[in-house]
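In: okay, predicted coordinates and the sequence, questions at the end:
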Amino acid sequence: MRLFLTGVASATLLATAAYAQDTDWGFFEDENGVMQAGVQSSGGDQLILKCNEPGDRSVFALIYTPEALGAPSTRASIRDVTLLFDGSTPRDAKWRYYQNTVEAVNTRRDRALIPFLESLADASHIEVRLDPVDGARRSIEFDVAGARDAIGRVYDSCGDQNPLG
């Protein structure tokens, strides 16, 4: 299972949002100098862009929520996520569901990340509709203005090729 931010790290991430004007994105650099970026919903959910270690195809996006989304397991289940960028037409995607996170990755077999980032880059607001295994659909909203900068900073820090150019 991928690691994600909790506790002090998430508080640090979100506390640094004040550094960037006109954005809710916060930035956190781990002990290895790898940058992570995230925004928090009004309900405390987090949208995070990060990598666990630098390298090709290492960046991924995750949404952390305190409520269980999947069964406790190190193996993901692939389920629907519906995305609405700035009130646009809903777009369905398949993301990886873990116990408290959903993830979009960029692997040879799973290419959910790139379309997500392309739409996120210039959006101001995103609504994410989740389909947890318990069937209790959930909607989360994030203010994401400044995402293009956050995406670029994370990709640079992770030594990955930015799909936005």
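Out: Cool, the structure landed.
In: how many neighbours does the residue nearest to residue 77 when sequence neighbours are not counted have?
Out: What sits nearest to residue 77 in space, not counting adjacent residues and going by C-beta to C-beta, 6 or more residues apart in numbering, is residue 97, at 4.9 Å. C-beta here means a position set from N, CA and C on the backbone, and glycine is covered the same way. Number of residues near residue 97 (other C-beta atoms under 10 Å) recorded here: 24.
In: try residue 54
Out: The number of residues packed near residue 54 is 14, by other C-beta under 10 Å.
In: roughly how far does it sit from residue 46?
Out: 22 Å (C-beta to C-beta, to the nearest Å).
In: mind checking pLDDT for residue 90?
Out: pLDDT for residue 90: 97.
In: for this protein, which segments are assigned as helices?
Out: 7-15, 113-120, 147-158 (DSSP state H).
In: before we move on, the earlier item: wait, the residue nearest to residue 77 sits on residue 80?
Out: No. Counting by C-beta atoms under 8 Å, residue 97 does not reach residue 80; the two are 9.5 Å apart.
In: for stretch 107-122, what is the distance to the chain centroid?
Out: Taking C-alpha atoms, centre = their mean, to the nearest Å, the mean C-alpha location of stretch 107-122 is offset from the chain mean by 11 Å.
In: now the terminal residues of it, how far apart.
Out: Taking C-alpha to C-alpha, to the nearest Å as the measure, stretch 107-122 stretches 23 Å from start to finish.
In: list the contacts of that stretch.
Out: 57, 59-61, 83, 85, 91, 93-96, 104-106, 126, 144, 147-148, 151, 163-164 (C-beta atoms under 8 Å, 6 or more residues apart in numbering).
In: among those residues, name the buried ones.
Out: For the contacts of stretch 107-122, a burial check counting by 16 or more other C-beta atoms under 10 Å picks out 59-61, 83, 85, 93, 95-96, 104-106, 126, 144, 147-148, 151.
In: between those residues, which is nearest residue 67?
Out: The nearest member of those to residue 67, counting by C-beta to C-beta, is residue 95 at 15.9 Å.
In: hmm, residue 83 and the closest one touching each other?
Out: No. Using C-beta under 8 Å, residue 95 is not in contact with residue 83; the gap is 9.5 Å.
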